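Enquirer: I'll drop the sequence and a predicted model, then ask my questions.
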Amino acid sequence: MTELVAANIGVSRGGRAILSDVSLRAGGGEFIAVIGPNGAGKSTLLSALAGLLPPSSGAIRLDGRRITSFGTSELARRRAYLPQDPRCEWPISVERLVGLGLTPVLPAFGGFSRAQQTRITQVLSDCDLLAQRYQSATTLSGGEFARAMLARALVGDPQILIVDEPMEGLDPRHRIEAASRLRTLSSEGKLVIASVHDLTLAMRYATRIVALYHGRVAADGPALETMNPDLLRRIFEVDAEIAGTEVRAYVDYLAPLPSRHAPDERISP
Amino acid sequence: MTAQGLEDGYATAAHRRIDRVRALNGAMVLILIVLFAASLLAGRIWLTPGEVLDGLFSSRAQLPSLIVAELRLPRAVLAVLVGATLGISGAVLQGLTRNPLAEPGLLGITSGASFGAVLAIYFGLSQLSLTVIPAFGLVGSFAAMLLTFALGRGGGTLALVLAGAAVNSFGVALIALALNLAPGVDAAYEIMTWLMGSLANRSWDQVLLAAPFIAAGCVLLAFTGRALDALSLGEAQAASLGVNLQRLRVTALLGTALAVGGATSVTGAVGFIGLVAPHLVRPFAGYQPSRILLPSATAGAVLLLAADIATRLISIGPEIKLGVFTALLGTPFFFWLVVRLRRTAP
């Protein structure tokens, strides 16, 4: 079983601490939603967990081994990472785009093996992209492109999937689809870690929530129990109610809290 | 449908696609052979195929044989080497920067090589041996490479490109200084003529001096394909796929320095081939960076051979220099590219 552990990690840039003393133990089967206000350090935490950003203090271990000791290709075979707002710079076909996910296992020259072609077809089919197979990736709609990127990440069958804001820029239907896909992947045994701004979807679909505030872990626990008005007030500075239960739970934002710098500016409804 | 069922449909489609790239490569090689032959026949003195074959395979020292063996053959070989170099390095640099306007001069190598060659002319060393200019050019291109590397080290692709631009400006300034201080009109004229770029009167010595550098550089550039493909997804995803970006940048820089440095040292700066060739073949290869490397090289060779033949056939007073001709033809292409980008840009 995959186990990813961050022990007291800190990341600084230009003398400013972006993450401090973050500890996290995550395993296969979990779908962790990382939430937090802008600038809380979510993207930095995901990059560090993906092994792309060596922490300045503390250590990250994958199955007991320091993540910095993995070769880049070896690591690429075990975890997939999708950054915020991914792009495709050339109008290559969707099939080729997805095939790029096999980069770590391809030789310097030559095409895909028959098994790899079958795998690409399988992933395209899983992500409902067969109709777009030969379409240029730059002409896809937002929802299709998000699926293509997910297919790209999944084609190498990674144990860990780390995705930065997979639902941003998608309409409600595609957001729900994206969240539910991630949940399905985690229930198949993968470890899924995603930063999420849509708190309702985070609460409904994630198995666990890690809340970041000013580079520190403000809360960490099962999704439905962890999300509460007090936490939202503390880290997002909003008054909010959590209504409904289980899969019908939702977050209802009421009003921003009075600004800490200018306490009189609160506008009441 | 099962994955295997889909696979059978896929296999034929994939086959068609691979065939398309093969057909492109085949067509390019065919055109290249035809132009290569034409390059041996054409010129101020037209030769018959019989005379060319005679020149290639017999050792009789007659004028047609000499023209073929000592003038036209090295010239055609050089055109292929230099054109291929410009094409592949343009394709690699466009893939690395993901900028359609990138070209082989981007990293300062071309102006470094030019300045080296200009120095040799400036000090009158070109009289000593035909290989002095290219040797100085090679030294200049390595100096430019080291400077670009030192300036842009560890700062990402943008830093490398900016460093290349700085080195390029420096090289251009030094060339201007050499022209400014040139000891006489003759030296200034010789420098100007050399800078225009030409394949005329190049000997086997010069070709053999540059060829190993060109070959080594092209091999290095050819190995960047897989990483350039991954880079289509941006630097963060490429890195997450195990691509060592720093090594990719160094390989592209070193490969360009060796190949373009070697080429420029012998012919002078020949513009636009490296910019145009990748654009010509890209749509046929599905826009995938690794798949355009070989076609770009052959397209570059085809373009340069064609341009060189044209300069020999256009007879309006003195011979039109190759670099001038490619610039004249390349600029309208540049206009077209800008117009198209303006239309497709979001």
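Expert: Here it is on my side, so go on.
Enquirer: which non-adjacent residue is nearest A:Asp63?
Expert: Excluding the flanking residues, the one nearest A:Asp63 by CB to CB, 6 or more residues apart in numbering or on different chains is A:Glu3, at 5.7 Å. Yep, even glycine has a C-beta here, placed from its N, CA and C like the rest.
Enquirer: got the phi/psi numbers for residue 127?
Expert: Here I'm looking at chain A. Backbone torsions of A:Cys127, given as degrees, to the nearest 10, read phi -100, psi 20.
Enquirer: could you do chain B instead?
Expert: In terms of degrees, to the nearest 10, the main-chain angles of B:Gln127 are phi -70, psi -30.
Enquirer: again with A:Val210
Expert: A:Val210 adopts backbone torsions of phi -120, psi 120, taken as degrees, to the nearest 10.
Enquirer: Look up the pLDDT of it for me, please.
Expert: Looking at A:Val210, its pLDDT stands at 97.
Enquirer: and what of B:Met1?
Expert: At B:Met1, the pLDDT recorded in the model is 44.
Enquirer: Could you do A:Arg266 as well?
Expert: On the pLDDT scale, A:Arg266 gets 46.
Enquirer: Repeat that for A:Arg260.
Expert: 62.
Enquirer: What does the residue nearest to A:Asp63 show for phi and psi?
Expert: Main-chain torsions, A:Glu3, degrees, to the nearest 10: phi -140, psi 120.
Enquirer: do B:Ala269 as well
Expert: Dihedral pair for B:Ala269: phi -70, psi 120, per degrees, to the nearest 10.
Enquirer: For it, give its distance to B:Met192.
Expert: According to CB to CB, to the nearest Å, B:Ala269 and B:Met192 sit 12 Å apart.
Enquirer: quick one, which of these two is more surrounded?
Expert: Ranked by neighbour count (other CB atoms under 10 Å in any protein chain shown), B:Ala269 and B:Met192 place B:Ala269 first, with 22 against 14.
Enquirer: ok, the residue lying closest to B:Arg72 once chain neighbours are set aside - contacts?
Expert: Nearest non-adjacent residue to B:Arg72, counting by CB to CB, 6+ apart: B:Leu40, 4.9 Å away. Contact analysis of B:Leu40 by CB atoms under 8 Å, 6 or more residues apart in numbering or on different chains lists B:Leu47, B:Val52, B:Gly55, B:Val68, B:Arg72, B:Leu73, B:Ala76.
Enquirer: if you look at the residues you listed, which of them are in strands?
Expert: Among the contacts of B:Leu40, no member falls in strands (DSSP state E).
Enquirer: residue nearest the centroid of chain B?
Expert: The centroid of chain B falls nearest to B:Leu86 when counting by CA atoms, centre = their mean (1.4 Å).
Enquirer: Is that one in contact with B:Val276, as I believe?
Expert: No. With contact defined as CB atoms under 8 Å, B:Leu86 does not count as touching B:Val276 (9.3 Å).
Enquirer: could you point out where the stretch 151-269 of chain A is predicted with low confidence?
Expert: Residue ranges of the stretch 151-269 of chain A with pLDDT under 70: A:260-269.
Enquirer: give me that answer again for 80
Expert: Along the stretch 151-269 of chain A, the model assigns pLDDT under 80 to residues A:246-247, A:259-269.
Enquirer: That's all I had, so thanks and see you.
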